[in-house]
Each structure stands twice: as structure tokens, then as C-alpha cells.
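> Prediction below, plus the sequence it came from.
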Amino acid sequence: MTEKKRKLLNDIKESQLVLIGLGTEFHIEEEDFVQWDLYRKWQEADRNREYLWMEPFLKRIWLRQEKHLKTEKAYASLAKLLEGKNYFIVTLCTDGMIYKSGLAEDRIVAPCGNMEKLQCRAGCTEKLYPWKEEMEQELTEAILEGHLEKCSPFTCPCCGETLEWNTIHVQRYNEAAYLPMWEKYTKWLQGMLNRRVCIVEAGVDFSYPSVIRWPFEKMAYFNKKADFHRIHGTWYQLAEELKEKGNSISCNSKEFFVNLFV
Ligand SMILES: [Zn+2]
């Protein structure tokens, strides 16, 4: 492991560009959420399971209010690793934790969306809506009082349908939000030609393989000056043609980053 870690650190140091792909291993852990005080109160108050719509919003409050040491530490290591580098990050995570890490927002693209902005469930408009302080207050108070009926579902001002987080989990996912960053990303990729590139794939499984896994492999294969690192607890294996230049690290990628500088 130490040898592989050293190789990664060295390749990053030697590289002109660093491309990072983050997958589901970087998702925030759910276990702590269901143990959370406000979550339990919500469950107690919702005996008939009539207020399930509240859960994703509750999650956002939990994400923002509580400490998430392991995830925060992993992102902090990543930020330290990329300090002073010309990098770009593609993430499949939707929890928005990456934006709290000090990594440059204009170097991150999240094609699966984020729990940052709201969209109309019916997709009547491309417009996104902010998550407002009042919404958070209304929801929190209703739960604390045990009177969930005091908080009505948040609705789209245009058509009255309910609002949901702008993520790939919405049936009519509004992709408009991430497209400008995606454009920036594809432009950045064009600069890879003939430069020494370090490609790191961390925690990416086979969900949405056309976003990170397949294109990263392809770029690593065709770019003569590219180094390729794949870190994953289960899916760390490399294809035959990448075995020579690839560094396969069999370790949960979040753990790996937590311990990167220790
Ligand atoms: Zn609408």
C-alpha cells in the first residue's frame, strides 16, 4: 500500500494536469442520518408514514448542521493533494459536501446534480429555486412540535407541483444546472493533449459508467503521457491494456484519502 500511495503522490507532483473522478464511495454515510435526533423525532411524529416528502429536506439540514468528520477529512486531503495544481474534478455525489471542502467550485462538475437547488418535479420549467431559510425553519419547527401538518410540501411557483432536489433521482431531472460546468470541463480536457496528466478515479463503481469510468479509461489509454490510478474497495481491477501504466489500489477510496497524509 505504501508503495502505491507513494506512486500516486509522486505522479501528482510530476503532472501538469490532474483529473479526478469521484464515485459513490465518496457519498456521505447514511447510518448517522437515521440516528440523528431530528430524524428520529420526524419518524416518531409520522406514524402513518404520510410525510415521507420531508425526508430529503431533512437530510439537507442534517448535512449542513452536523459534522461529518470522515467525509470532511477525505475532502481536506484531496484539497491538500491538489494544492497549486491545475485540476478538474468530476463527481457523481449529490450531497454537495465537496463544496464545503475549499476545493475550487469552478473546477468541479457534478453531472448528477446536487442537494443545493430545487427543481419542479414535473419539470415545467428549467428554472431552479433556492432552498430558503424559511423552509428550513418551517420544517424544523413542525418536527420539533410533533405537528407535521403545520408544514406543507414546497411547491413550484409556476405549476404548483412539488419541488425536489435538482438531482438525477428526480424523474424529470433538469440538467440545465450543470451544463455550463460540463462545457468548461470538456474545454479543459482539450488541454490534456501532449501534457503530462495524472488521472485518478476514486470510489467509482459501474453506476453511470459513461460519465467517469469509461471515458477515464479511454483517456488514460490513448494519452501516452498519462498516469492512471484506480482506488476502490471492490472495483479496483484494471483492464489488460491499462495494467502497465495503471496503479490499482484496493482500498475504500474515502478511507484512502482520510489516511493519505498520515
Ligand atoms: Zn412546475
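Great, that's in hand. Residues are numbered from 1 along each chain as shown.
> Kindly report the residues of the protein close to the ion.
Counting by Cβ under 5 Å from the ion, the residues of the chain lying close to the ion are 120, 124, 156, 158-159, 161. In this view, the C-beta of every residue, glycine as well, is placed from N, C-alpha and C.
> Counting neighbours, which of those comes out on top?
Among the residues of the chain next to the ion, residue 120 has the most neighbours (other Cβ atoms under 10 Å), with 25 neighbours.
> residues in contact with it?
Counting by Cβ atoms under 8 Å, 6 or more residues apart in numbering, residue 120 makes contact with 127, 156, 158-159, 161, 163, 174.
> In a markdown table, list the residues you listed along with pLDDT.
Shown next, in a markdown table, are those (pLDDT from 0 to 100):
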| residue | pLDDT |
| --- | --- |
| 127 | 95 |
| 156 | 97 |
| 158 | 96 |
| 159 | 97 |
| 161 | 97 |
| 163 | 97 |
| 174 | 96 |
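> can you tell me which of those residues are in strands?
Assigned to strands by DSSP state E, the following of these qualify: residue 163.
> Of the contacts of residue 120, which is the nearest to residue 31?
residue 163 (27.2 Å; Cβ to Cβ).
> Number of residues surrounding the closest one?
For residue 163, the neighbour count with other Cβ under 10 Å is 22.
> surely it meets residue 123?
No - judged on Cβ atoms under 8 Å, residue 163 makes no contact with residue 123 at a distance of 11.5 Å.
> right, and the secondary structure at the residue most central in space within the chain would be what?
Among the residues of the chain, the one closest to the centroid is residue 93, at 2.2 Å (Cα atoms, centre = their mean). Look at residue 93: counting by DSSP: H, G, I helix; E, B strand; the rest coil, its state is coil.
> got a list of what it touches?
Per Cβ under 8 Å, 6+ apart, neighbours of residue 93: 22-24, 26-28, 110, 112.
> buried subset of those?
22-23, 26-28, 110, 112 (16 or more other Cβ atoms under 10 Å).
> Just the closest of those to the ion, please.
When the buried ones among the contacts of residue 93 are compared for distance to the ion (Cβ to the ion), residue 112 comes out closest, at 21.1 Å.
> which ones are touching the closest one?
Here residue 112 is in contact with 91-94, 167-168, 208, 211 (Cβ under 8 Å, 6+ apart).
> Just the closest of those to residue 250, please.
Using Cβ to Cβ, the contacts of residue 112 come closest to residue 250 at residue 92, 20.1 Å.
> ok so, going back, include pLDDT and secondary structure when you put the contacts of residue 93 into CSV, please.
Formatted as CSV, the contacts of residue 93 follow (pLDDT from 0 to 100; DSSP: H, G, I helix; E, B strand; the rest coil):
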residue, pLDDT, secondary structure
22, 98, strand
23, 98, coil
24, 95, helix
26, 95, helix
27, 94, coil
28, 93, coil
110, 98, coil
112, 97, coil
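> Switch these over to CSV; also include distance to residue 196.
Shown next, in CSV, are the contacts of residue 93 (distance: Cβ to Cβ, whole Å):
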residue, distance to residue 196
22, 22
23, 24
24, 29
26, 25
27, 31
28, 33
110, 26
112, 29
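> First-to-last residue distance for stretch 23-42?
Taking Cα to Cα, to the nearest Å, stretch 23-42 runs 30 Å from one end to the other.
> Which residue is the nearest non-sequential neighbour of residue 220?
Nearest residue to residue 220, sequence neighbours excluded (Cβ to Cβ, 6 or more residues apart in numbering): residue 228, at 3.7 Å.
> who's the one you found bridged to?
Note on residue 228: beta-bridge partners by DSSP bridges are residue 199, residue 246.
> residues contacting it?
199, 201, 216-217, 220, 238, 242, 245-247.
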